[in-house]
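# Give me a 3D structure for the following:
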Amino acid sequence: MSSDGKAGDAKNDADNRNSEEESIDEISLLKQELEDIKDKFARSMADLDNYKKRVERDRDQQNLKSKGLAIISFLEVIEIIDKASNSEYPDKESALNGIEGIQKFTQSFLKSMKVERFNPVGESFDFRFHEAMTTIIKDDIEPHTIVDVIQAGYLIEGELLRPAKVVVSKKEEKNEQKEEKKGE
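Presented below is the predicted three-dimensional model:
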(Lines give C-alpha, C1' and ligand atoms only; values in the text may rest on other atoms or scores of the structure.)
Protein backbone atom coordinates (compact mmCIF):
# COMPACT_ATOMS: atom_id res chain seq x y z
CA MET A 1 0.00 0.00 0.00
CA SER A 2 1.08 3.42 -0.69
CA SER A 3 1.48 6.08 1.87
CA ASP A 4 -1.49 7.87 0.35
CA GLY A 5 -3.69 4.84 1.07
CA LYS A 6 -2.51 4.69 4.67
CA ALA A 7 -3.09 8.37 5.13
CA GLY A 8 -6.61 8.02 3.68
CA ASP A 9 -7.39 5.13 6.03
CA ALA A 10 -6.12 7.08 9.01
CA LYS A 11 -8.20 10.05 7.94
CA ASN A 12 -11.30 7.82 7.58
CA ASP A 13 -10.63 6.27 11.00
CA ALA A 14 -10.32 9.75 12.53
CA ASP A 15 -13.52 10.88 10.81
CA ASN A 16 -15.36 7.78 12.06
CA ARG A 17 -14.10 8.36 15.62
CA ASN A 18 -15.15 12.03 15.45
CA SER A 19 -18.55 10.99 14.08
CA GLU A 20 -18.98 8.39 16.86
CA GLU A 21 -17.91 10.91 19.52
CA GLU A 22 -20.37 13.45 18.12
CA SER A 23 -23.13 10.80 18.15
CA ILE A 24 -22.27 9.83 21.74
CA ASP A 25 -22.24 13.52 22.75
CA GLU A 26 -25.59 14.06 21.00
CA ILE A 27 -27.08 10.98 22.70
CA SER A 28 -25.80 12.20 26.07
CA LEU A 29 -27.33 15.62 25.45
CA LEU A 30 -30.64 14.04 24.43
CA LYS A 31 -30.59 11.79 27.51
CA GLN A 32 -29.93 14.82 29.71
CA GLU A 33 -32.72 16.76 27.99
CA LEU A 34 -35.09 13.80 28.48
CA GLU A 35 -34.20 13.64 32.19
CA ASP A 36 -34.86 17.38 32.49
CA ILE A 37 -38.25 17.00 30.80
CA LYS A 38 -39.11 14.03 33.07
CA ASP A 39 -38.15 16.12 36.11
CA LYS A 40 -40.26 19.07 34.94
CA PHE A 41 -43.19 16.73 34.24
CA ALA A 42 -42.92 15.15 37.71
CA ARG A 43 -42.81 18.62 39.30
CA SER A 44 -45.82 19.75 37.25
CA MET A 45 -47.79 16.65 38.32
CA ALA A 46 -46.87 17.30 41.96
CA ASP A 47 -47.95 20.95 41.58
CA LEU A 48 -51.25 19.85 40.04
CA ASP A 49 -51.85 17.36 42.85
CA ASN A 50 -51.10 20.05 45.46
CA TYR A 51 -53.43 22.46 43.64
CA LYS A 52 -56.26 19.90 43.67
CA LYS A 53 -55.76 19.29 47.39
CA ARG A 54 -55.71 23.04 48.09
CA VAL A 55 -58.91 23.60 46.08
CA GLU A 56 -60.66 20.75 47.92
CA ARG A 57 -59.50 22.10 51.29
CA ASP A 58 -60.66 25.63 50.33
CA ARG A 59 -64.03 24.27 49.20
CA ASP A 60 -64.48 22.39 52.47
CA GLN A 61 -63.59 25.53 54.45
CA GLN A 62 -66.03 27.63 52.39
CA ASN A 63 -68.81 25.07 52.96
CA LEU A 64 -68.12 25.09 56.69
CA LYS A 65 -68.11 28.89 56.71
CA SER A 66 -71.45 28.98 54.83
CA LYS A 67 -73.00 26.49 57.25
CA GLY A 68 -71.69 28.51 60.17
CA LEU A 69 -73.20 31.74 58.85
CA ALA A 70 -76.59 30.09 58.37
CA ILE A 71 -76.50 28.48 61.81
CA ILE A 72 -75.41 31.70 63.55
CA SER A 73 -78.47 33.44 62.10
CA PHE A 74 -80.69 30.52 63.03
CA LEU A 75 -79.43 30.43 66.63
CA GLU A 76 -81.40 33.61 67.31
CA VAL A 77 -84.57 31.86 66.18
CA ILE A 78 -83.82 28.89 68.44
CA GLU A 79 -83.15 31.15 71.43
CA ILE A 80 -86.40 33.07 70.91
CA ILE A 81 -88.35 29.79 70.70
CA ASP A 82 -86.60 28.52 73.86
CA LYS A 83 -87.49 31.73 75.74
CA ALA A 84 -91.08 31.54 74.54
CA SER A 85 -91.46 27.90 75.56
CA ASN A 86 -90.09 28.64 79.05
CA SER A 87 -92.23 31.75 79.57
CA GLU A 88 -95.39 31.78 81.61
CA TYR A 89 -98.21 33.47 79.78
CA PRO A 90 -101.05 34.97 81.81
CA ASP A 91 -103.61 34.22 79.10
CA LYS A 92 -104.14 32.71 75.70
CA GLU A 93 -103.95 36.09 73.93
CA SER A 94 -100.45 36.88 75.18
CA ALA A 95 -99.31 33.36 74.21
CA LEU A 96 -100.68 33.89 70.70
CA ASN A 97 -98.96 37.29 70.52
CA GLY A 98 -95.69 35.60 71.45
CA ILE A 99 -96.14 32.98 68.75
CA GLU A 100 -96.96 35.72 66.23
CA GLY A 101 -93.76 37.53 67.16
CA ILE A 102 -91.75 34.35 66.61
CA GLN A 103 -93.48 33.81 63.26
CA LYS A 104 -92.68 37.37 62.13
CA PHE A 105 -89.07 36.95 63.21
CA THR A 106 -88.67 33.66 61.33
CA GLN A 107 -90.28 35.14 58.22
CA SER A 108 -87.90 38.11 58.26
CA PHE A 109 -85.01 35.69 58.83
CA LEU A 110 -86.03 33.65 55.76
CA LYS A 111 -86.45 36.83 53.73
CA SER A 112 -82.95 38.00 54.71
CA MET A 113 -81.60 34.63 53.52
CA LYS A 114 -83.55 35.09 50.24
CA VAL A 115 -85.69 32.04 51.00
CA GLU A 116 -89.21 32.07 49.59
CA ARG A 117 -92.02 29.74 50.68
CA PHE A 118 -94.45 28.50 48.04
CA ASN A 119 -97.85 26.91 48.48
CA PRO A 120 -99.01 25.48 45.12
CA VAL A 121 -102.70 24.73 45.84
CA GLY A 122 -104.62 24.92 42.56
CA GLU A 123 -101.52 24.64 40.37
CA SER A 124 -100.75 21.79 37.99
CA PHE A 125 -98.44 19.14 39.42
CA ASP A 126 -94.80 19.65 38.38
CA PHE A 127 -92.38 16.92 39.48
CA ARG A 128 -89.52 19.46 39.54
CA PHE A 129 -91.16 21.46 42.36
CA HIS A 130 -93.69 19.09 43.92
CA GLU A 131 -93.57 15.68 45.57
CA ALA A 132 -96.88 13.83 45.29
CA MET A 133 -97.63 12.14 48.60
CA THR A 134 -100.99 10.78 47.50
CA THR A 135 -103.78 11.26 45.00
CA ILE A 136 -107.45 11.86 45.58
CA ILE A 137 -110.41 11.39 43.25
CA LYS A 138 -111.91 14.76 42.37
CA ASP A 139 -114.17 14.68 39.34
CA ASP A 140 -114.90 18.41 39.56
CA ILE A 141 -111.18 19.36 39.27
CA GLU A 142 -108.76 18.81 36.38
CA PRO A 143 -106.57 15.74 36.88
CA HIS A 144 -103.00 16.42 38.08
CA THR A 145 -104.06 19.54 39.98
CA ILE A 146 -102.74 20.11 43.48
CA VAL A 147 -105.67 20.07 45.88
CA ASP A 148 -103.81 20.19 49.20
CA VAL A 149 -100.31 20.92 50.49
CA ILE A 150 -98.99 18.68 53.24
CA GLN A 151 -95.71 20.56 53.52
CA ALA A 152 -94.85 23.86 51.81
CA GLY A 153 -91.97 24.07 49.37
CA TYR A 154 -89.09 26.55 49.51
CA LEU A 155 -86.92 28.35 46.97
CA ILE A 156 -83.58 29.95 47.76
CA GLU A 157 -82.66 32.76 45.38
CA GLY A 158 -85.12 31.28 42.87
CA GLU A 159 -83.65 27.76 43.04
CA LEU A 160 -85.48 24.82 44.62
CA LEU A 161 -84.46 24.26 48.22
CA ARG A 162 -87.21 21.79 49.15
CA PRO A 163 -90.12 20.53 47.03
CA ALA A 164 -93.66 20.95 48.30
CA LYS A 165 -95.30 17.71 49.48
CA VAL A 166 -98.72 17.67 47.90
CA VAL A 167 -102.00 15.83 47.30
CA VAL A 168 -102.87 15.59 43.60
CA SER A 169 -106.29 15.18 42.00
CA LYS A 170 -107.21 12.40 39.63
CA LYS A 171 -110.33 11.23 37.84
CA GLU A 172 -112.06 8.05 38.90
CA GLU A 173 -110.72 5.15 36.89
CA LYS A 174 -113.50 3.37 35.05
CA ASN A 175 -112.76 -0.32 34.87
CA GLU A 176 -114.39 -2.36 32.10
CA GLN A 177 -114.90 -5.31 34.46
CA LYS A 178 -116.92 -3.14 36.88
CA GLU A 179 -119.15 -2.03 34.04
CA GLU A 180 -119.65 -5.60 32.80
CA LYS A 181 -120.71 -6.77 36.26
CA LYS A 182 -123.21 -3.90 36.54
CA GLY A 183 -124.69 -4.88 33.18
CA GLU A 184 -125.23 -8.56 34.13
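# what's the spatially most central residue of the chain sitting at in phi/psi?
Central residue of the chain (C-alpha atoms, centre = their mean): Asn63, 11.2 Å from the mean position. Backbone torsions for Asn63, taken as degrees, to the nearest 10, come to phi -60, psi -40.
# and what of Ile156?
Dihedral angles (degrees, to the nearest 10) for Ile156: phi -120, psi 120.
# who's in contact with it?
Met113, Lys114, Val115, Glu116 (C-beta atoms under 8 Å, 6 or more residues apart in numbering). C-beta: built from backbone N, CA, C; applies to glycine.
# Likewise for Asp126?
Per C-beta under 8 Å, 6+ apart, neighbours of Asp126: none.
# Now do the same for the residue nearest to the centre of the chain: its pLDDT.
Confidence at Asn63, expressed as pLDDT, is 91.
# Next: Leu160.
pLDDT, read off for Leu160, is 95.
# which SS class is it?
Under DSSP: H, G, I helix; E, B strand; the rest coil, Leu160 falls in the strand class.
# Any idea how many residues pack against it?
Number of residues near Leu160 (other C-beta atoms under 10 Å) recorded here: 13.
# which residues does the residue nearest to it when sequence neighbours are not counted contact?
Counting by C-beta to C-beta, 6 or more residues apart in numbering, Phe129 is the residue found nearest to Leu160 once chain neighbours are left out, at 6.1 Å. Counting by C-beta under 8 Å, 6+ apart, Phe129 makes contact with Phe118, Pro120, Gly153, Leu160, Pro163, Ala164.
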